[in-house]
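**Student:** sequence first, then the predicted structure, then my questions.
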Amino acid sequence: MCINIYRHHHKRQTSMYWNRDICFLICNNLCTSVTEVVSFRNCVTLSERELTAEAGLCVVIPCSFTTAANFTPKHTVWYKCEASKKCSDADITFHSNKNNEKVQSGFKGRVSRLEPDVSQKNCSIIINDLKESDSGFYQLRVTGVLNGQQGGFTFSQKVTVSIKGIEQKPTVMIPTLTEGQQATLTCTAPGLCSGSVPQITWTWRGEGGTESYITGNSTVFKTEGLTPFTQRHVSTLTFNPSAEHHNTNVTCKIRFTGDATAQKTSGLNDHLFTCKNFGVNITGVTTVRDGEALNLTCNVHSFPPSLIIWSKLGYNETLHIDTGSANLVIINVTAGYAGQYVCTAKYMNNTLKDKVNVTVICEYTALCFWTEYISSRNTSLHLEGDVLNLTCSVESFPPSLIMWSKLGSKANHHNDTGSATLVIPNATAEHSGQYICTAKYMDSVLKKDTNVTVICKYTTSCNIAQKKYSWHSFLHRTTVHCQHCALCSQICRHF
């Protein structure tokens, strides 16, 4: 197992060393680490014989050694060569003697000894800026002075190092984002290596958009030295969140030496709270025709989504409820659906409302008429002196214009909207006749009439063509003479 025995030893001494090696190897079997004895009390310990690392990062080969008391170590040398090959100076990847020029150019500056003081017997090294071509077998040699003579020993076993493509991802920290309040995102590169400083860039992609670099924001890069051989590379991005960042993904990309890249993409929605410009937006057609569908949408840009409630003014019930966006659909609307609709948005401790007026245009005007007669006798015929009360009502929205008129009269007796009541106190015979209710709704006009009769309280008699006609009182059976027969006839013609 010994590769190099000091050449100045006599054969008998060499034999003695080999015998002692055997004894030490027996003791070495009790160790958990891999230890190989080269000569009496000269041995190397490797805690790991097979190591795996990722391109762009680093790998540490743990190593320690012991020597005989009469051997003074001066330098450690690491080689990289094939498993079956004997390593030579052309395979040197590291030499603790900085004046040694035999180190391969591809490893210069990338390999460091963790413990600069060789007397500490620590031969561990770190290889930075790993490339997949760094995969292979690594072997250690310790050189020094034995009894005043230059020499050294080489550990025959080799450490297998396998480098694969980078799989680790950056760590992205996103705080709670509130619209209008400046926020800082943090991206930490994987690994704690002391090699070249990686390049860190931030990009983002909106919903359905293309990836772009973030502009108009502040980025800061820093390297934190944790130990002489461990560093943390961090980049921060400071920006002002807004509702525009909904459905936006932010990517932190790390580019290491050798073009090894690692990236992490995070969505902002899970962290974004938007409330500064908290507002309700109602869309939809607010004027519909009778029989069509009413379709109104209320939405609020916020995260988490706001609770949205649809209601109608004057009604206690909730028409529709949803989160983020609420779509109110009413099919086959009629005039009764016209009115004011209210959208209420609740977001955390905030409540906001917006309203919209809905107009239903009727293809035909539905007029509902009725007449109400108020008199001392509650009869359909009105007696002189009673109160005449006529009401005309039209069910429509917007309210129709209602006009009361009397046939034969050019004057309008009463105008109103929605409902019009014509009141005539102390009715007389002159108030008898046909009363007309005219309703005007947009371009539609509809009329309805009712006949009103006011009768006499007393019997009247008239002398017409020298003949006397007696009329008997409806109430008192008394006879009254009327000086104007035509008037009497008009008043009493229905009795």
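**Tutor:** Sure, I can see it.

**Student:** distance of Gln137 relative to Thr72?
**Tutor:** Actually, residue 137 is Phe. It isn't Gln. Between Phe137 and Thr72 the distance, using CB to CB, to the nearest Å, works out to 28 Å. For glycine as for every other residue, the C-beta is placed from the backbone atoms N, C-alpha and C.

**Student:** more neighbours, the two?
**Tutor:** More crowded of Phe137 and Thr72, by other CB atoms under 10 Å: Phe137, with 18 against 14.

**Student:** my guess is the more buried one meets Lys80, correct?
**Tutor:** Yes: at 6.8 Å, Phe137 counts as touching Lys80 under the criterion of CB atoms under 8 Å.

**Student:** any low-confidence regions in the stretch 201-350 of the chain?
**Tutor:** By pLDDT under 70, the low-scoring segments of the stretch 201-350 of the chain are 207-210, 213-216, 272-278.

**Student:** give me that answer again for 80
**Tutor:** 206-222, 225-226, 242-247, 269-279, 301-304, 348-349 (pLDDT under 80).

**Student:** give me the beta-bridge partners of Val220?
**Tutor:** Beta bridges link Val220 to Thr236, judged by DSSP bridges.

**Student:** residue contacts, it?
**Tutor:** Val220 makes contacts with Ser235, Thr236, Thr238, as judged by CB atoms under 8 Å, 6 or more residues apart in numbering.

**Student:** for it, give its distance to Trp202.
**Tutor:** Val220 is 11 Å from Trp202, where distance means CB to CB.

**Student:** what do these two both touch?
**Tutor:** Common contacts of Val220 and Trp202 (CB under 8 Å, 6+ apart): Ser235.

**Student:** where does the closest residue to Glu430 other than its chain neighbours land on pLDDT?
**Tutor:** Once flanking residues are discounted, Glu430 sits nearest to Val454: 7.9 Å by CB to CB, 6 or more residues apart in numbering. We have a pLDDT of 85 for Val454.

**Student:** tell me how many other residues crowd Val454.
**Tutor:** For Val454, the neighbour count with other CB under 10 Å is 22.

**Student:** related to what we said a few turns ago, export the contacts of Val220 as CSV, with columns for neighbour count and distance to Val394.
**Tutor:** Output for those, formatted as CSV (neighbours: other CB atoms under 10 Å; distance: CB to CB, whole Å):
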residue, neighbour count, distance to Val394
Ser235, 23, 72
Thr236, 17, 70
Thr238, 12, 65
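
**Student:** just those now: which is nearest Gly195?
**Tutor:** Closest approach to Gly195 among those (CB to CB): Ser235, at 17.0 Å.

**Student:** the closest residue to the closest one other than its chain neighbours pairs with what?
**Tutor:** Closest residue to Ser235 apart from its sequence neighbours, by CB to CB, 6+ apart: Ile200 at 3.9 Å. Judged by DSSP bridges, the bridge partners of Ile200 are Ile254.

**Student:** contacts only, for Ile200.
**Tutor:** With contact set as CB under 8 Å, 6+ apart, Ile200 has these partners: Pro170, Cys187, Ala189, Phe221, His233, Ser235, Cys252, Lys253, Ile254, Arg255.

**Student:** change it to 10 Å
**Tutor:** By CB atoms under 10 Å, 6 or more residues apart in numbering, Ile200 lies in contact with 170, 187-189, 219, 221, 233-237, 252-255, 263.

**Student:** filter the residues you listed down to the buried ones.
**Tutor:** Taking 16 or more other CB atoms under 10 Å as the criterion, what is buried in the contacts of Ile200 is 170, 187-189, 219, 233-237, 252-255, 263.

**Student:** between which two of those is the distance greatest?
**Tutor:** Greatest spacing in the buried ones among the contacts of Ile200, by CB to CB: Thr236 and Arg255 (17.5 Å).

**Student:** hang on, the residue nearest to Glu430 packs against Leu383?
**Tutor:** Yes: using CB atoms under 10 Å, Val454 is in contact with Leu383, at 7.0 Å.

**Student:** any buried residues in stretch 156-167, and which?
**Tutor:** The neighbour-count check on stretch 156-167 (16+ other CB under 10 Å) flags Lys158, Val159, Val161, Ile163, Ile166 as buried.

**Student:** list the ones among those that fall in strands.
**Tutor:** If you go by DSSP state E, the buried residues of stretch 156-167 have Val159, Val161, Ile163 in strands.

**Student:** OK, contacts around the residue lying closest to the second one once chain neighbours are set aside?
**Tutor:** If you skip the residues right next to it in sequence, Val161 has Leu51 as its closest partner in space, 5.0 Å away by CB to CB, 6+ apart. Leu51 makes contact with Val59, Val60, Ile61, Pro62, Ile127, Tyr138, Val159, Thr160, Val161, Ser162, Ile163 under the criterion CB under 10 Å, 6+ apart.

**Student:** and what of Ile92?
**Tutor:** Contacts of Ile92 by CB under 10 Å, 6+ apart are 77-81, 100-104, 107, 111, 141.

**Student:** can you list those in JSON lines and add distance to Gln150 and neighbour count?
**Tutor:** Below are the contacts of Ile92 laid out as JSON lines (distance: CB to CB, whole Å; neighbours: other CB atoms under 10 Å):
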{"residue": "Val77", "distance to Gln150": "13", "neighbour count": "24"}
{"residue": "Trp78", "distance to Gln150": "19", "neighbour count": "25"}
{"residue": "Tyr79", "distance to Gln150": "19", "neighbour count": "24"}
{"residue": "Lys80", "distance to Gln150": "24", "neighbour count": "23"}
{"residue": "Cys81", "distance to Gln150": "23", "neighbour count": "18"}
{"residue": "Asn100", "distance to Gln150": "14", "neighbour count": "13"}
{"residue": "Glu101", "distance to Gln150": "18", "neighbour count": "9"}
{"residue": "Lys102", "distance to Gln150": "16", "neighbour count": "12"}
{"residue": "Val103", "distance to Gln150": "20", "neighbour count": "20"}
{"residue": "Gln104", "distance to Gln150": "24", "neighbour count": "15"}
{"residue": "Phe107", "distance to Gln150": "25", "neighbour count": "17"}
{"residue": "Val111", "distance to Gln150": "24", "neighbour count": "22"}
{"residue": "Arg141", "distance to Gln150": "13", "neighbour count": "20"}
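
**Student:** no more questions from me, cheers.
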